[in-house]
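**Q** Sequence first, then the predicted structure:
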Amino acid sequence: MKPDRRHNGKDVLSPEQRRRCMAHNKGQNTKPELALRRLCWAAGLRYRLHAKLPGRPDFVFVREKVAVFVDGCFWHGCPLHYVAPATRSEFWKNKLETNRARDLKVTTDLIASGWLVIRIWEHELKNETSLSRQADRILEAVKLRHQ
Ligand SMILES: [Zn+2]
């Protein structure tokens, strides 16, 4: 592998941040999201991926109008885990503000058109207990709206 020389050879992101950047690409499924979907599927829920909706939810339940987003702690500014990068702080600050504003608008737009929006922090899927709690949350929401 060639060293990254764009910043004098220094890696400006920590390995953890780098990993989260990679996982950010929409359409590329992150492991925690896959685990969550697997639980939903096992419980008999049938979701749809890649629905053409505002913000491109990670998965949706069309009939019940439930949209699920798994938000990465770095990109969406998790209050527990977001750490501002040490370099290019202005750039990252703007980036985060833009992302947050977009998240809010997307949520508002979806609610306005009758969707129930479930946003889950990526860190909420990182241990089994919390993961199954989130799956239950989705299950209940879908069940409630299924009629
Ligand atoms: Zn977090």
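**A** Nice, I can see it.

**Q** Show the residue spans covered by the strands in this structure.
**A** Listed in chain order, the strands of the chain (DSSP state E) span 59-61, 66-71, 116-121.

**Q** for the first one, packing partners?
**A** Looking back up the chat, that one is strand 59-61. Strand 59-61 makes packing contacts with strand 66-71 when contacts are defined by 3 or more C-beta pairs under 8 Å, 6 or more residues apart in numbering; DSSP states H and E. C-beta here means a position set from N, CA and C on the backbone, and glycine is covered the same way.

**Q** and the strand it packs on, which strands flank it?
**A** strand 59-61 (antiparallel), strand 116-121 (parallel) (DSSP bridges).

**Q** Need those in TSV (columns: mean pLDDT, distance to the ion and mean neighbour count).
**A** As requested, the strands paired with strand 66-71 are arranged in TSV below (pLDDT from 0 to 100; distance: least, C-beta to the ion, whole Å; neighbours: other C-beta atoms under 10 Å):
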stretch	mean pLDDT	distance to the ion	mean neighbour count
strand 59-61	97	20	23
strand 116-121	98	5	19
